[in-house]
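A.B. asks: give me a model of this one.
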Amino acid sequence: MFSLIFPGQGSQIVGMGKEFYEKYDLVKKLFNEADDTLKFSLSEMVLNGPKDELDLTINTQPAIFLVSFSIFSVIKKEFNKDLNQAKYFSGHSLGEYSALSTAGYLSFSDTIKLLRLRGEAMQNAVPKGEGGMLAVLGSSIITIEKILEENQNKFFVEIANDNSEGQLVLSGKNDDLIKLIQILKSRGIKNIKLPVSAPFHCKLMDTATKIMKEEIEKVNFMDGENALISNVTADEITDKNRLKSLLIEQIESRVRWRESILKMINKGVNQFVEIGPGKVLSGLVKRINKEVKVDTINNQGDIEGLKI
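C.D. replies: Numbering: from 1, shown residues only. Now for the predicted structure:
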């Protein structure tokens with residue numbers, strides 16, 4: 001039994017999807033539709049860069065979705081593999097939008113528009129340079145939650161991503177992160193300041209939530225084909241109205257990725273197929289459970305070797 005998983009920010013690379021773009025007309029059509037919808041050449045940026053432009057969250061978010069959706073479409077339409085037989089669809093942060101669209105809840109054009117707006121809203125929620133994110137490695141979530149609770153009067157930092165056992169990402173204002181780093185250092189807990197321009201998935205994103213609530217509520221959500229495992233709840237959701245409200249909550253909420261993978265495994269899933277650029281999620285899944293099968297699909301050879 002397999003589930004599909006879709007990557008989030010950090011998986012982008014200039015030239016992603018190029019092999020599919022050059023070989024398949026349906027991918028060219030999707031890239032052109034993205035350009036027409038967004039009123040600028042996202043396709044040029046994805047295929048040829050520059051990297052610093054692609055790495056801006058306002059561009060990264062629609063770009064990763066475009067590539068994931070294109071690969072999904074090639075697997076289904078050119079290779080006739082029925083991906084909607086998957087037990088669940090799930091995605092990491094912006095990848096949840098890829099999951100929703102490929103599962104039939106959101107149209108391609110609505111999704112790419114929402115992600116462009118989401119990137120802009122999230123980037124502008126906190127003045128540049130004021131907030132950041134910190135990866136914490138080799139420590140348990142219980143330990144980190146205890147440290148944050150004990151020091152809540154000294155600084156305010158939140159767990160943004162619970163990625164796998166021993167890999168957490170925290171968000172907060174840079175001044176607060178510096179205070180936390182000193183405590184982690186004194187306890188011998190490894191941490192790395194991430195090269196991101198804003199503190200995602202925390203309460204500092206409240207203005208982005210307000211903007212996206214208004215935008216998401218305008219969009220028509222359809223009845224999808226597959227159950228989703230939500231980032232916010234780490235639970236199975238099929239109700240389109242509930243999915244809509246969770247997508248709004250997701251901006252400020254913790255991405256409960258470790259729990260989501262465990263939920264799917266507990267429901268009988270023994271194979272995960274990552275569709276999109278990079279191999280980040282495949283690595284996380286293997287850290288969570290070494291026994292499950294993991295396939296990463298980001299080139300033609302990967303599709304040819306896929307058994308589901």
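
A.B. asks: and Asn32, what's its pLDDT?
C.D. replies: Asn32 is assigned 98 on the pLDDT scale.

A.B. asks: next: Val196.
C.D. replies: Note on Val196: pLDDT of 84.

A.B. asks: before we move on, what about the one 4 residues further on?
C.D. replies: Note for Phe200: predicted pLDDT of 96.

A.B. asks: look up how far Leu180 lies from the spatially most distant residue from the centre of the chain.
C.D. replies: Using C-alpha atoms, centre = their mean, the residue of the chain lying farthest from its centre is Ser186. It sits 32.0 Å away. Using C-beta to C-beta, to the nearest Å, we find Ser186 at a distance of 11 Å from Leu180. Bear in mind the C-beta positions are built from the backbone N, C-alpha and C, glycine included.

A.B. asks: my guess is Val232 is in a strand, correct?
C.D. replies: No - secondary structure of Val232 (DSSP: H, G, I helix; E, B strand; the rest coil): coil, not part of a strand.

A.B. asks: I'd say it and Arg256 touch.
C.D. replies: Yes - the criterion here is C-beta atoms under 8 Å, and Val232 meets it with Arg256 at 7.2 Å.

A.B. asks: ok, Asn80 - how many residues close by?
C.D. replies: Look at Asn80: counted by other C-beta atoms under 10 Å, it has 7 neighbours.

A.B. asks: only the buried residues of the longest helix belonging to the chain, if you could.
C.D. replies: Assignment by DSSP state H gives helix 57-77 as the longest helix of the chain. Applying a neighbour-count criterion of 16 or more other C-beta atoms under 10 Å, one finds 57-75 buried in helix 57-77.

A.B. asks: same check on stretch 116-124?
C.D. replies: By 16+ other C-beta under 10 Å, the buried positions in stretch 116-124 come out as 116-123.

A.B. asks: for Ile229, see how far away Lys87 is.
C.D. replies: Plainly put, Lys87 is 10 Å away from Ile229 if you go by C-beta to C-beta.

A.B. asks: quick one, strands of the stretch 51-200 of the chain?
C.D. replies: Assigned by DSSP state E, counting those that start in this stretch, the strands in the stretch 51-200 of the chain fall at 88-91, 131-137, 157-164, 167-173, 190-193.

A.B. asks: would you map out the domains in this structure?
C.D. replies: Following automatic domain parsing, one finds the domains of the chain at 2-125+203-304, 131-193.

A.B. asks: now, of the ones you listed, which is deepest in the fold?
C.D. replies: Comparing these by mean neighbour count (mean count of other C-beta atoms under 10 Å), domain 2-125+203-304 ranks first with a mean of 20.

A.B. asks: now do the same end-to-end measure for that domain.
C.D. replies: 17 Å (C-alpha to C-alpha, to the nearest Å).

A.B. asks: touching, Asn231 and Ser260? I think so.
C.D. replies: Yes - Asn231 lies in contact with Ser260 (C-beta under 8 Å); the separation is 7.0 Å.

A.B. asks: okay, and the common contacts of these two?
C.D. replies: Overlap of the contact sets of Asn231 and Ser260 (by C-beta atoms under 8 Å, 6 or more residues apart in numbering) consists of Ser90.

A.B. asks: mind listing the helices for the stretch 201-308 of the chain?
C.D. replies: Listed in chain order, the helices of the stretch 201-308 of the chain (DSSP state H, counting those that start in this stretch) span 206-218, 240-249, 257-266, 280-288, 300-304.

A.B. asks: before we move on, back to that, nearest to Thr238, of the strands of the stretch 51-200 of the chain?
C.D. replies: Thr238 sits nearest to strand 88-91 of all the strands of the stretch 51-200 of the chain, at 10.3 Å, using C-beta to C-beta.

A.B. asks: run the chain-centre distance for that closest one.
C.D. replies: Taking C-alpha atoms, centre = their mean, to the nearest Å, one finds strand 88-91 lying 11 Å from the centre of the chain it belongs to.

A.B. asks: strand partners of it, parallel vs antiparallel please.
C.D. replies: Applying DSSP bridges to the sheet, strand 88-91 is found paired with strand 2-6 (parallel), strand 227-229 (parallel).

A.B. asks: what's the mean pLDDT across the shortest one?
C.D. replies: Averaging pLDDT along strand 227-229 gives 98.

A.B. asks: contacts for that strand, please.
C.D. replies: Applying C-beta under 8 Å, 6+ apart, the contact partners of strand 227-229 are 3, 87-90, 96, 99-100, 103, 105, 235-238, 243, 260, 263-264.

A.B. asks: rerun at 10 Å
C.D. replies: When contacts are defined by C-beta atoms under 10 Å, 6 or more residues apart in numbering, strand 227-229 is touched by residues 3, 5, 86-91, 96, 99-100, 103, 105, 235-239, 242-243, 246, 256-257, 259-261, 263-264, 267, 269.
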